[in-house]
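> Pasted the sequence and its predicted model underneath.
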Amino acid sequence: MSNTRQAIATAKRLVVKVGSTALTTAGDGLDVSRLDALVDAVAARVTGGSQLVLVSSGAIGAGLAPLALGTRPRDLATQQAAASVGQLALAHAYAESFGRYALTVGQVLLTSDDVVRRAHYRNAERTFSRLLALGAVPVVNENDTVATEEIRFGDNDRLAALVAHLIGADGLVLLSDVDALYDGDPRDGATRKVTEVTGESDIEGLTVGMSSSGLGTGGMVSKLAAARTAAAAGIPVLLAAATEASRALAAADVGTAFQAAGSRLSARRFWLGYAAGATGRLHLDDGAVAAVIGRRRSLLAAGVTGVDGDFQAGDVVDLVDPAQEVVARGVVAFDVAELPAMIGRSTHDLPAEHRREVVHADDLVPLRRSRSMR
Ligand SMILES: Nc1ncnc2c1ncn2[C@@H]1O[C@H](COP(=O)(O)OP(=O)(O)O)[C@@H](O)[C@H]1O
Ligand SMILES: N[C@@H](CCC(=O)OP(=O)(O)O)C(=O)O
């Protein structure tokens, strides 16, 4: 049994995310028997003393049949209408199902603003901690009915990773219709199951694709990204089939386990690296990349080769290497209009009011993949 599976089996605080494909079918909408089976597994952990947040997709899928929509709509307005109908059905089904165990559920519908803006992030944190302290099971989804194309998370895998860090979870379980990560899309024939991911070398060269069902959104791409985000932030992750939820929550040898990086990122650094929205980009030369990523130094104007976007001092920006890969994120100390006159110049050549770091090391989170997973 891996350490990761053991950590999840004994986690005191846990986030479990279930995908649309595990709960709904296009023709029939919500499948209450599958939902009940999931709740059986989850309720066992809660009655056993764990605090658990359930992130559940399925609102759009559950709204299709009642609205006589045959397949998942492509346009946002119809998706929002389906989610409006489906979320009610979903919340009702969860309340009934957890009720079998005398457990109370609380619905939490989040938009990306609730985590992207730091003050809202803290507010969401308080809501979760109060609900958990009161013994309720928070059931989370994106607030699809009001989310516009621009502000959407779009996939609940990322939302689940963000919530896991937000509540200080000791584990994240991603449940889907597929039972593990494979080295290629299992629909394409012979593939090898990946059971343990301990670092980048375990996922290099994998072919990771989109959803097969037409109901799910991000496919394995978003699951892998979410698993890596959580693991990099110090949270062990297990990806498994929803039909094996009980076993997955009890350390059985199922699914793909993602080992957590040694240390847990602080709430502020996690928010900065993974939750905040970047409003611009700073382009770095190789020397600056080495200083910022390798030696964890502040970014100086001398190593910046270009800027784009529309940002002000205090905003979050992406730091991009010469190959255009985002290697870090940080809080920029200057407005976009101030930087063109400064870039490429040594700090001592700059006027006194500009003689400081462009991004201070304390406000910078490296994202480049190294031996550990980021
Ligand atoms: N390398 C891979 N390993 C496993 N599944 C993959 C891979 N590439 C693509 N997939 C597809 O991803 C799907 C799961 O994603 P999705 O349908 O979005 O699930 P959910 O609704 O649970 O979020 C699987 O059904 C599978 O067809
Ligand atoms: N918020 C949407 C689901 C979005 C989503 O991520 O779906 P999935 O890929 O099935 O987890 C809904 O409830 O229909």
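Received, thanks. Ligands and ions are numbered 1, 2, ... in the order given.
> okay, CA-based contacts and neighbour counts for the rest of this
Fine.
> At the geometric centre of this structure, which residue do we find?
By CA atoms, centre = their mean, the chain has its centre lying nearest to R158, at 2.2 Å.
> how close does the nearest residue to that one once chain neighbours are set aside get to D155?
Leaving aside its chain neighbours, R158 sits nearest to A226 (4.9 Å; criterion: CA to CA, 6 or more residues apart in numbering). Noted for A226: a distance of 10 Å to D155, by CA to CA, to the nearest Å.
> Which one of those two is surrounded by more residues?
Between A226 and D155, counted using other CA atoms under 10 Å, the more crowded position is A226 (24 against 19).
> The more buried one against H165, yeah?
No - when contacts are counted by CA atoms under 8 Å, A226 is not listed as touching H165 (11.4 Å).
> If we ignore the residues flanking it in sequence, what's nearest V146?
Using CA to CA, 6+ apart, the nearest residue to V146 is Q80, at 7.3 Å.
> picking that back up, wondering if the helix or strand the residue nearest to R158 falls within reaches ligand 1 at all.
Using DSSP states H and E, A226 sits within helix 219-232. Yes - Helix 219-232 reaches ligand 1 (CA under 6 Å from any ligand atom) through 219-220.
> For that helix, buried residues please.
219-220, 222-232 (16 or more other CA atoms under 10 Å).
> got it, and stretch 138-149?
Buried residues in stretch 138-149, counted by 16+ other CA under 10 Å: 138-147.
> between those, which is nearest S246?
For the buried residues of stretch 138-149, the minimum distance to S246 (CA to CA) is 18.2 Å, reached by V139.
> Which of the three states applies to that closest one?
For V139, the assignment made with DSSP: H, G, I helix; E, B strand; the rest coil gives strand.
> Settle this for me: it is touching V53, isn't it.
Yes - counting by CA under 8 Å, V139 does reach V53; the two are 6.3 Å apart.
> Any figure for the gap between G199 and ligand 2?
Distance, G199 to ligand 2, by CA to the nearest ligand atom, to the nearest Å: 24 Å.
> now swap in G61 and tell me
6 Å.
> residue contacts, that residue?
Contact analysis of G61 by CA atoms under 8 Å, 6 or more residues apart in numbering lists 20, 24-26, 29-30, 72, 82-83, 86, 215.
> try G306
282-284, 340, 343.
> For ligand 2, tell me which of those residues show up nearby.
Answer for those near ligand 2: none qualify (CA under 6 Å from any ligand atom).
> Number of residues surrounding the closest residue to L265 other than its chain neighbours?
Leaving aside its sequence neighbours, L265 sits nearest to A233 (CA to CA, 6+ apart; 5.2 Å). By the criterion of other CA under 10 Å, A233 has 27 neighbours.
> from what I can see A233 touches Q259, true?
No - counting by CA under 8 Å, A233 does not reach Q259; the two are 10.7 Å apart.
> any weak-confidence spans in the protein?
Along the chain, segments meeting pLDDT under 70 span 1, 149-151, 154, 190, 211-218, 368-374.
> mind listing the helices in it by residue range?
3-10, 32-47, 59-64, 76-99, 113-116, 118-133, 156-166, 219-232, 245-248, 267-270, 286-289 (DSSP state H).
> Pick the most buried one from those helices.
Highest mean neighbour count among those (mean count of other CA atoms under 10 Å): helix 59-64, with a mean of 30.
> Is that helix positioned near ligand 1?
No - applying CA under 6 Å from any ligand atom, one finds helix 59-64 out of contact with ligand 1, separated by at least 9.9 Å.
> Kindly format the C-alpha coordinates of that helix as CSV.
The C-alpha trace of helix 59-64 is given here as CSV (Å, rounded to 0.1, in the frame of the first residue of the first chain):
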residue,chain,number,x,y,z
ALA,A,59,-25.7,20.1,-12.7
ILE,A,60,-25.7,20.5,-16.5
GLY,A,61,-26.0,16.7,-17.1
ALA,A,62,-28.8,16.5,-14.5
GLY,A,63,-30.7,19.3,-16.2
LEU,A,64,-30.8,17.8,-19.7
